[in-house]
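Student: Structure of the sequence below:
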Amino acid sequence: MSRIGRLPISIPEGVDVKIDDTNFIVVKGPKGTLERKLVDDMNIAMENNEIVVTRPSDLKRHKSLHGLTRTLIFNMIVGVTEGYTKKLEINGVGYRAAKTGNKLNLTLGYSHPVDMVDPEGVTSTLDGLTKITISGIDKEKVGQYAAEIRAKRPPEPYKGKGIKYADEHIRRKVGKTGSK
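Tutor: The predicted structure follows:
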């Protein structure tokens, strides 16, 4: 039995969950509404204010989908109650960010500025010129947008310049030494 998949998901107060026969799930909460079509193979049931995910057999495919299905439902419930955030830091001389409406303008040492538009349901806020906070209710969209911003200038190991996650540690390398 999957250690994660067998755990029941408790539904907090103020959260409304609807599960269709085709495993289409809609979660409404104080922060918004999320909906997702899950795999038909899994059995999703609501029992006395808890959601239980069971698998029909011990096939490898069903075992791998068991924990995934439970985690996706759990992430939806956490998203509509608390939301998700990712923090990014920009390091480097002259590297900075600016915000205009829903556009994020990044100056990253290229010959041109990099403009990124916030996806629907995701907002980016600035704390100074070098700290970006991405927030939203969908964990997948928040993580994807943060990864796209980081990919514009990933941190390099010699000087540490680039965009990195706030909790990320960059392993530094020693540069080449001059010969005499």
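Student: Show me what counts as buried in the longest helix along the chain.
Tutor: Ranked by residue count and defined by DSSP state H, the top helix of the chain is helix 60-81. Within helix 60-81, the residues that count as buried by 16 or more other CB atoms under 10 Å are 62, 65-81. Glycine gets a C-beta too; all of them are placed from N, C-alpha and C.
Student: and what of stretch 98-113?
Tutor: 104, 106, 107, 108.
Student: Could you do stretch 171-180 as well?
Tutor: Per 16+ other CB under 10 Å, stretch 171-180 contains no buried residues.
Student: what mean pLDDT would you report for it?
Tutor: The average pLDDT within stretch 171-180 is 81.
Student: got a list of contacts for it?
Tutor: With contact meaning CB atoms under 8 Å, 6 or more residues apart in numbering, stretch 171-180 is reached by 157, 158, 160.
Student: So what's the residue count around residue 121?
Tutor: Residue 121 has 14 neighbours, counted by other CB atoms under 10 Å.
Student: list the contacts for it?
Tutor: 32, 136, 137, 138, 141.
Student: swap the cut-off to 10 Å and go again
Tutor: Contacts of residue 121 were listed using CB atoms under 10 Å, 6 or more residues apart in numbering, and they are 32, 34, 79, 136, 137, 138, 141, 142, 145.
Student: Any of these buried? List them.
Tutor: 34, 79, 136, 137, 138, 141, 142, 145.
Student: Now tabulate these in a markdown table and tack on pLDDT, secondary structure and distance to residue 87.
Tutor: Shown next, in a markdown table, are those (pLDDT from 0 to 100; DSSP: H, G, I helix; E, B strand; the rest coil; distance: CB to CB, whole Å):
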| residue | pLDDT | secondary structure | distance to residue 87 |
| --- | --- | --- | --- |
| 34 | 95 | strand | 22 |
| 79 | 95 | helix | 17 |
| 136 | 96 | strand | 13 |
| 137 | 96 | coil | 17 |
| 138 | 96 | coil | 17 |
| 141 | 96 | helix | 16 |
| 142 | 97 | helix | 11 |
| 145 | 97 | helix | 13 |
